[in-house]
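1. next one to model:
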Amino acid sequence: MSYDCTFITDLPLSPDQYSFATEERAEFATDYGTTPADASRPDVVVYPRSTEDVSAVLAAANDREVPVTPYAAGSSTESNAVPVEGGISLSMNRFDSIRDFRPDDMQIDVEPGVVGADLEDRVSEEGLYFPAFPQSAQFSTVGGMIANDASGIRTVKYGEVRDWVLELEVVRADGVVIEVGSKAKKSSAGYNLTDLFVGSEGTLGVITRATLDLAVEPAETLAGRAIFSDLADAADAIAETIRAGIDVATLELMDPLTAEISNSYTGSDLPAKPMVVFELHGRGIDAEYGALSEILDRHEPERIETAFDEERRDTLWQARREIGKALLEYDPARELEVVGDVTVPIGAYAEMVRFVGEISESFDLPIPAFGHAGDGNLHYAILADPDDNAELERVHEASGRIIEETIANGGTCTGEHGIGVGKRKYLRQEVDPGVIETMQSIKSALDPNGILNPGKIFE
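-> This next block holds a predicted model:
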């Protein structure tokens with residue numbers, strides 16, 4: 001659809017804060033997980049620099065029933081920030097200041113456009129860090145992480161982004177500014193509206209400030225990887241580690257194809273074999289590693305490598321850390337069509353890894369499997385020739401089978417990427433109709449004109 005957005009020029013914005021240029025609008029028609037589409041171009045791109053800017057844009061858009069889609073770094077994979085119904089793309093990238101840093105409280109107040117890596121650099125000066133960062137933190141923004149309730153390699157120990165959000169400033173669809181949550185570590189004062197906005201993908205309000213809790217950098221860190229000859233052994237070792245209560249900070253899986261793809265990008269010479277990458281934090285690491293190594297040994301790894309020093313730890317992690325970039329570069333004839341992020345109860349994890357292998361074989365598609373195994377999160381990626389319609393159909397059927405098996409095992413279609421557009425039909429398979437109705441009633445109450453990021457989450 002197309003909307004008359006010329007009213008933007010009448011708002012208290014400077015001329016460099018909006019653009020109707022075709023090329024600039026085209027930049028906002030896609031994200032990491034989608035290819036450009038003319039139908040998804042916004043009618044205007046607006047660059048707010050303050051809460052007042054956001055409030056003015058939303059109030060005016062709401063009066064005219066013009067869609068507004070918040071957009072940050074474009075690192076989402078399910079078209080979460082693509083303006084599928086046109087209207088306004090609200091780019092938060094210039095809204096990127098650290099407003100206040102209180103090391104004594106272990107808290108920081110940031111605007112939504114702050115990039116994770118910049119936040120990390122600032123708080124590390126005081127021996128602190130934000131442990132819930134996703135792998136994309138080098139370029140993704142805090143606002144996007146909160147909107148998708150992102151999580152990363154340390155979730156097994158530290159939880160998701162939502163577990164570290166204390167307070168939010170949010171602009172409602174009608175332009176009214178509210179503060180939810182508290183800077184106190186806990187509060188029982190009324191409804192938990194903070195968690196309502198976290199993970200809402202910009203469909204309930206626009207986040208303009210976040211107060212984040214921080215952690216003290218661990219006294220010691222041990223990183224390691226165990227290389228196996230059999231993928232089932234690696235997956236079983238992961239499940240047993242979690243059931244045994246080993247206090248791992250990270251526990252990641254890479255299958256042989258993932259290792260091969262990473263090698264091609266990084267130039268490393270890892271064997272194309274299954275591996276488990278892990279990390280332990282804090283004091284008492286020796287005892288924890290002793291218990292972990294006993295479990296790993298029972299599943300007959302070919303070798304285990306460990307490192308305390310930072311440079312060696314980085315080397316051990318490089319293959320896993322670079323897989324996102326490696327997938328994009330692996331096959332020039334194919335595009336990254338699907339990036340799955342299913343999550344199952346840990347008891348079903350080994351079976352899901354095996355199931356993805358079966359799907360890969362039966363559909364004759366190379367499907368690398370990897371992920372944040374310690375919390376049951378399994379990523380898979382499928383590359384496809386964009387001009388081969390038969391292959392594209394096979395790719396999406398294969399992905400659908402994986403998601404349906406996940407749900408059948410008590411899991412979720414998305415552990416951290418959100419619903420966006422790509423997972424809408426699976427949400428209906430995962431939750432009861434009454435749950436969908438409840439979600440939609442909340443959406444209608446907060447956004448009665450349906451202007452905030454329409455076309456997302458619900459079919």
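
2. how confident was the prediction at I246?
-> Confidence per residue is given as pLDDT, and for I246 that number is 95.

3. oh, that last question was meant for A37, not what I typed.
-> Looking at A37, its pLDDT stands at 57.

4. downstream of the longest helix that the chain contains, the next helix or strand is which one?
-> For the chain, the helix reaching the highest residue count under DSSP state H is reported as helix 389-408. In the C-terminal direction, the helix or strand that comes right after helix 389-408 (DSSP states H and E) is helix 424-430.

5. show me which residues of that following helix are buried.
-> Of all the residues in helix 424-430, those buried under the rule 16 or more other C-beta atoms under 10 Å are R424, Y426, L427, E430. C-beta coordinates here come from the backbone N, C-alpha and C atoms, glycine included.

6. ditto for stretch 62-75
-> Counting neighbours by 16+ other C-beta under 10 Å, one finds that the buried residues in stretch 62-75 are N62, V66, P67, V68, T69, P70, Y71, A72, A73, G74, S75.

7. which residues touch I359?
-> With contacts defined as C-beta atoms under 8 Å, 6 or more residues apart in numbering, the neighbours of I359 are L365, I367, A398, R401, I402.

8. how many neighbours does the first one have?
-> Right, L365. The number of residues packed around L365, counting by other C-beta atoms under 10 Å, is 19.

9. verify the assumption that it is located in a helix.
-> No - the assignment for L365 by DSSP: H, G, I helix; E, B strand; the rest coil gives coil, which leaves it out of any helix.

10. which secondary structure elements does the lowest-mean-pLDDT helix or strand in the chain contact?
-> With mean pLDDT, DSSP states H and E as the measure, the helix or strand of the chain carrying the lowest mean pLDDT is helix 310-321 (a mean of 84). On a contact count with 3 or more C-beta pairs under 8 Å, 6 or more residues apart in numbering; DSSP states H and E, helix 310-321 meets strand 221-227, strand 250-254, helix 256-266, strand 275-281, strand 303-307.

11. what's the next secondary structure element after that helix?
-> The C-terminal neighbour of helix 310-321 among helices and strands, as given by DSSP H and E, is helix 323-330.

12. can you list contacts of that following helix?
-> Contacts of helix 323-330 (C-beta under 8 Å, 6+ apart): 135-136, 254, 258, 261-262, 264-266, 336, 339, 368, 370, 381, 383.

13. 6 Å instead?
-> The set of residues that contact helix 323-330 without belonging to it, under C-beta atoms under 6 Å, 6 or more residues apart in numbering, is I261, S262, Y265, L336, A381.

14. and the last one, helix, strand or coil?
-> Reducing the assignment at A381 to three states with three-state DSSP gives strand.

15. residue ranges in this protein under the pLDDT threshold?
-> 33, 35-39 (pLDDT under 70).

16. give me the distance between D4 and S19.
-> Distance check for D4 against S19: by C-beta to C-beta, to the nearest Å, it reads 16 Å.

17. go on, V68?
-> According to C-beta to C-beta, V68 and S19 sit 15 Å apart.

18. ok, back up a step: now do the least confident helix or strand of the chain: everything it contacts.
-> A223, R225, E252, M254, S262, T266, L270, V277, A307.

19. with only the CA atoms kept, save it in PDB.
-> Output in PDB follows, covering the C-alpha atoms of helix 310-321 (Å, rounded to 0.1, in the frame of the first residue of the first chain):
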ATOM      1  CA  GLU A 310      41.900 -14.300  26.000                       C
ATOM      2  CA  GLU A 311      43.800 -14.700  22.700                       C
ATOM      3  CA  ARG A 312      43.600 -18.500  22.800                       C
ATOM      4  CA  ARG A 313      39.900 -18.300  23.900                       C
ATOM      5  CA  ASP A 314      39.100 -16.100  20.900                       C
ATOM      6  CA  THR A 315      40.800 -18.700  18.600                       C
ATOM      7  CA  LEU A 316      38.600 -21.500  20.000                       C
ATOM      8  CA  TRP A 317      35.500 -19.400  19.500                       C
ATOM      9  CA  GLN A 318      36.200 -18.100  16.100                       C
ATOM     10  CA  ALA A 319      34.500 -20.800  14.100                       C
ATOM     11  CA  ARG A 320      31.300 -20.500  16.000                       C
ATOM     12  CA  ARG A 321      31.400 -16.700  16.200                       C
END
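
20. mind listing what's buried along that helix?
-> By neighbour count on 16+ other C-beta under 10 Å, the buried set for helix 310-321 is R313, L316, W317, Q318, A319, R320, R321.

21. so can I have JSON lines of the residues you listed showing distance to G190?
-> JSON lines is the format used below for the buried residues of helix 310-321 (distance: C-beta to C-beta, whole Å):
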{"residue": "R313", "distance to G190": "44"}
{"residue": "L316", "distance to G190": "46"}
{"residue": "W317", "distance to G190": "42"}
{"residue": "Q318", "distance to G190": "46"}
{"residue": "A319", "distance to G190": "47"}
{"residue": "R320", "distance to G190": "41"}
{"residue": "R321", "distance to G190": "41"}
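
22. just flag the most distant two among those residues.
-> Within the buried residues of helix 310-321, two members stand farthest from each other by C-beta to C-beta: R313 and A319, at 12.7 Å.

23. could you chop the protein up by domain?
-> Structural domains annotated on the chain: 6-91, 98-216, 221-324, 331-426, as defined by automatic domain parsing.

24. which stretches of the stretch 101-250 of the chain form strands?
-> 107-110, 128-129, 165-171, 177-181, 206-213, 215-216, 221-227, 250-254 (DSSP state E, counting those that start in this stretch).

25. among the ones you listed, which is the most enclosed?
-> For the strands of the stretch 101-250 of the chain, the largest average neighbour count (mean count of other C-beta atoms under 10 Å) is found in strand 250-254, namely a mean of 26.

26. what's that strand packed up against?
-> Under the contact criterion of 3 or more C-beta pairs under 6 Å, 6 or more residues apart in numbering; DSSP states H and E, the helices and strands touching strand 250-254 comprise strand 275-281, strand 369-371.

27. buried sites along the first one?
-> Translated: strand 275-281. Buried positions in strand 275-281, judged by neighbour count with 16+ other C-beta under 10 Å: M275, V276, V277, F278, E279, L280, H281.

28. what's the closest of these to N192?
-> Nearest to N192, judged by C-beta to C-beta, of the buried residues of strand 275-281 is H281 at 28.3 Å.

29. dump the residue contacts of that closest one.
-> Taking C-beta under 6 Å, 6+ apart as the test, what H281 contacts is P218, T221, A249.

30. swap in P454?
-> Residues in contact with P454, defined by C-beta under 6 Å, 6+ apart, are P67, E85.

31. any idea how far L196 is from it?
-> With distances defined as C-beta to C-beta, the gap from P454 to L196 amounts to 19 Å.

32. give me the number of residues near S444?
-> Counted with other C-beta under 10 Å, the neighbours of S444 add up to 11.

33. three-state assignment of the residue lying closest to it once chain neighbours are set aside?
-> Once flanking residues are discounted, S444 sits nearest to G450: 7.9 Å by C-beta to C-beta, 6 or more residues apart in numbering. For G450, the secondary-structure state derived from three-state DSSP is coil.

34. which stretches in the stretch 101-250 of the chain count as helices?
-> In chain order, the stretch 101-250 of the chain shows helices spanning 116-124, 142-148, 155-158, 193-197, 231-243, with DSSP state H, counting those that start in this stretch as the criterion.
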